Each structure stands twice: as C-alpha cells, then as structure tokens.
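[1] Show me how the following folds:
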Amino acid sequence: ANYSLEEYDKATDFYTQAMNYTSDNSNLARLYKGRGDCKHEQFKEEEAIKDYTKATEYDSNYSDAYRARGLSRVLNFQNDLAGADYTSVINILEKENKKENETDLAVLYSDRGEIHWLRSRNDEALADFKISLSLNPISGFANRKMGDVLYSLKDYKAASKYYLQALSLFTKDLDKEIVYKDLSECSRNMLDYAQAVIYISEAIKLYPGYGSYYSARGQIYYAKRDYKTSLDDYNKAFAYYEDHKDFIIKIYGDNMYKNTRMLLYINRAMVKKRLQDNTGALADFKKATEEDSTSANAWYHLGRFYKQVLKQNGPALASLQKAIDLSSAKDTTSDYIYARVIKGDKQEAFNVAARLIKKEADNKDRLIRDIYNAACIYALAGDPVKALQYLDKAFAAGFDNFDHIYNDEDWDSLRSLPAFKAVLTKYKVPQPKL
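    This next block holds a predicted model:
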C-alpha cells in the first residue's frame, strides 16, 4: 500500500522488517525486489541494483528482478551489465516457451538491441531488432530503432523504410517529429535534398521554433543553393537559442551552448558569403571566434575569409596563425594542415597530411578522413592532379559522405573539370535532387 501511495521510505521500512519474518527464498526474493523498486523510484540506482541482485540470488529464475536490475543499470550507465541482465530474462522466458511471453520478449530483444547499438555493435543490434520485430512487427519503437541501426550502417534507403513504418505506427507528435528528422537526414545523405526539406519541414510543424531543426533546414537549403531561405532559417535558429539560453545552459552547459552558437555563426557566415554580403559574413566569422576563442576551426574560417575573399593578408595571417597554434596544442591536425595551406605553407601541410595517412594506416575510419583531407589540401593548394588522385584514393578506401563533398567549398575550383566529374561517376556518387 505504501508503495502504491508513493510513500517509498515507509514501503522500504516495511520490506526490511518483513525480511526478518521469513526464511523462504521465494518470499525473500520478492521482498528484496520490492525494496529495490522503492530505491529505483527514488533514483537510488546503486542501492536498487544491490537489492535486485539479492533477489536473483534467492531466486535465480526471477525474471522480473533481472529485468528491473537491467533498467537500473542502464540508468546507472552500466550498459553491458544491463545487456547481460536482459539476456538472462530472455533465456528464462524462452525456456518457459509460453505464447503470452512473446510481447515481453519483443520488448526485451528491442531493449538489448538498443544497448548493442549504443555500444556500436551494429550486427548484434540488427539481429536483436529483427527478432523483436518478428515477435511484434507493429512496434513503433522497434521499427525506429531498426532504422537507427541501418542508418549507422549507412544503408539510408533501408533505414528510411523502417522510419516510415515507425511513422505510421506512432501516435504522439513528439515521436513523429523525431522520425521526420531522421527521415530528413536519410534523404540528405542520399542527396535527395527536395525530400529532405519536406521531412524536416514536417518536423518543424510538429515542433515549431526548435532551433536545431531550423539549423538543419538551413543546411539543406544551402545544399539546394537557395541561400536566401537558408539565411532565414539560420536567423530563426539564432532566435531560438537566444530565447532559450538559460534553459539550454542549465540542461547542456555553457560550453555546449557556446559551441552550438559558434557553429551557427560559421554556417550563417558561409551563406552570407554566397550572397556576397561580405560585411555580414565577416561579422559572423568574427563572432564565431568571440563565441569560442579556443576553436581552431573558427579562427581558420576567419583567416580563410580574410585571405581569399577580402584579400587582407595581415589579419588573414594573424587568424591563421591562431588556428595553427590552437590546433597544435590540441593536436587537431586537420585544422592545422588546412590553416597551413591557406597561409601559404604548402609543403608543411603536405608533409603533415602524409604523416597522418601513414600513422592511421590501421584505423580505417581515420585513414579515410585523412586521405580525404589530403585531397582537399591539394585542391586548395592549386594542384588538381594530386587532389583528384587523393580523392580517388579516399573513395577507394571507403569514403562515402556524398553530402559533404557536394557542399565542400574546397572543391569549388575543380567541380567543372571533367576529371572531377569522372571520379564521382566512377564511384557512383548520385546526382543531387534539388
């Protein structure tokens, strides 16, 4: 009664006292489980885990105790241990071989699949979600999570299929809004910007004014070369972050807030540059460095704008040197080589790029990144032959970020070259749908 009335301290005392009046293992297991539930409701997960563990010691087939401990372990950031608990429950229920257990098993496989996904074990996650959906194909959550796994595997077409299924099953606007965002990202990665705009606009209808969605749509309109609409969306994103500053800082912290605004300033400056509003672009690039004066990326963009657009070598060299110094201190070497090549230190940029490629030979993801960066460095240095050689190597190694290369201004000077188009054709980069 105390538990149902949310009088958890009184309920805890009752369970503790009751333990003194029984020696029956089954009863003790349920008493420890009950006391663990009280601790869980009070967000005392460590204490709850201890009680759930005692419950399983008294009854090794007590599935509810394993399941409850799994949840507490998730909340206590012990995901692998939680996954082991879900496996224990799955084994117990499957041994019972009861039809009525199928609903619980569907949820358990889905919960374990999410843990695998969070730990980047995509193959295991895929297997669990397949079983979950075979038991309950109309679970909106499982369909969405299957979409998340496929998205992680970069199978955007298959991911979209499951997201659309989830969308048809969800009834709450919050769930639908998130899926529309996911669908927009899939479309964007397939260079279907026309559909990406439609999906993210649906998310905005369900959550009007949300800054992250306006920023995402601003990026899509930038890809569509609709810079005026892109600018409008970035302005709306800024309005959101300014209006919700205190809330965002409270939840995510001041550094996160500043970093988000720093990136927004850079993105809006890029739009203004395309609109030939150099005064506005310069102001935004400067504000990015003011928002986060330790960002090598912000100083790099400011220096590049001074150098390439405004042709002001003095402030350009000062900003680029700032980027070099910061990236050296933080070992963010991609910022370092980009700043070096724009500054004019081409050979230093080439040498570091080559060293990084050699260093990361055994790390596929980093190797792909470093080969692509080398390609960009040669493009910026005015060496199209080397640039395209490295671009070909990047694709051969597994580079597949088509959205990035389509919008990367490093390639603007080479886009019209038949040799550049030939590389894209060779690796079946899709034509963008605007």
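
[2] Show me the contact partners of stretch 361-372.
    Contacts with stretch 361-372, where a contact means CB atoms under 8 Å, 6 or more residues apart in numbering, come from Ser334, Ala353, Leu356, Ile357, Glu360, Tyr390, Leu391, Lys393, Ala394, Ala397, Gly398, Phe399. Heads up, the C-betas are built off the backbone N, CA and C, glycines and all.

[3] Kindly recompute the last result at 6 Å.
    Defining contact as CB atoms under 6 Å, 6 or more residues apart in numbering, one finds that stretch 361-372 is touched by Leu356, Ile357, Glu360, Tyr390, Lys393, Ala394, Ala397, Gly398, Phe399.

[4] From Asn313, how far off is the closest residue to Ala397 other than its chain neighbours?
    With CB to CB, 6 or more residues apart in numbering as the criterion, Ala397 has its nearest non-adjacent residue at 4.9 Å, and that residue is Ile368. Distance, Ile368 to Asn313, using CB to CB, to the nearest Å: 34 Å.

[5] higher neighbour count, these two?
    With other CB atoms under 10 Å as the criterion, Ile368 and Asn313 differ in neighbour count, and Ile368 comes out ahead with 20 against 12.

[6] so that one sits in a strand?
    No: under DSSP: H, G, I helix; E, B strand; the rest coil, Ile368 falls outside any strand and is assigned helix.

[7] can you tell me how far it sits from Leu191?
    Look at Ile368 and Leu191: by CB to CB, they are 19 Å apart.

[8] Centre of the chain to the strand or helix carrying Val341, how far?
    In this assignment (DSSP states H and E), Val341 forms part of helix 333-343. Here the centre of helix 333-343 is set off from its chain's centre by 26 Å, with CA atoms, centre = their mean, to the nearest Å.

[9] Which strands and helices lie in contact with it?
    Counting contacts by 3 or more CB pairs under 6 Å, 6 or more residues apart in numbering; DSSP states H and E, helix 333-343 is packed against helix 296-304, helix 313-330, helix 346-359, helix 364-380.

[10] Can you tell me what sits against that helix?
    296-297, 300, 304, 307, 320, 323-324, 327, 348-349, 352-353, 356, 373, 377, 380-381.

[11] Kindly export that helix (C-alpha atoms) in PDB.
    This file holds the C-alpha atoms of helix 333-343, laid out as PDB (Å, rounded to 0.1, in the frame of the first residue of the first chain):
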ATOM      1  CA  THR A 333      45.700  18.200 -37.100                       C
ATOM      2  CA  SER A 334      43.100  18.600 -39.800                       C
ATOM      3  CA  ASP A 335      42.600  22.300 -38.700                       C
ATOM      4  CA  TYR A 336      46.400  22.600 -38.600                       C
ATOM      5  CA  ILE A 337      47.000  21.400 -42.200                       C
ATOM      6  CA  TYR A 338      44.100  23.500 -43.600                       C
ATOM      7  CA  ALA A 339      45.400  26.600 -41.900                       C
ATOM      8  CA  ARG A 340      48.900  25.900 -43.100                       C
ATOM      9  CA  VAL A 341      47.900  25.600 -46.700                       C
ATOM     10  CA  ILE A 342      45.700  28.700 -46.800                       C
ATOM     11  CA  LYS A 343      48.500  30.600 -45.100                       C
END
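
[12] what angle separates that helix from helix 346-359?
    For helix 333-343 against helix 346-359, the angle by axes from the mean of the first three to the mean of the last three CA atoms, to 10 degrees is 160 degrees.

[13] in this structure, which helix has the most residues?
    Ordering each helix of the chain by length in residues (DSSP state H) puts helix 254-274 first.

[14] Can you tell me which helices and strands that helix packs against?
    Partner elements for helix 254-274 (3+ CB pairs under 6 Å, 6+ apart): helix 227-243, helix 278-291.

[15] export those helices to JSON lines and tack on mean neighbour count, mean pLDDT and distance to Leu31?
    Putting these into JSON lines (neighbours: other CB atoms under 10 Å; pLDDT from 0 to 100; distance: least, CB to CB, whole Å) gives the following:
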{"stretch": "helix 227-243", "mean neighbour count": "18", "mean pLDDT": "97", "distance to Leu31": "50"}
{"stretch": "helix 278-291", "mean neighbour count": "18", "mean pLDDT": "98", "distance to Leu31": "55"}
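
[16] Tell me which of those helices sits nearest to Lys421.
    Set against Lys421 and scored by CB to CB, the helices and strands packed on helix 254-274 come closest in helix 227-243, at 23.6 Å.

[17] just how off-centre is that closest one within its chain?
    Distance, centroid of helix 227-243 to centroid of chain: 21 Å (CA atoms, centre = their mean).

[18] Including distance to Ala68, could the helices and strands packed on helix 254-274 go into JSON lines?
    Shown next, in JSON lines, are the helices and strands packed on helix 254-274 (distance: least, CB to CB, whole Å):
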{"stretch": "helix 227-243", "distance to Ala68": "39"}
{"stretch": "helix 278-291", "distance to Ala68": "44"}
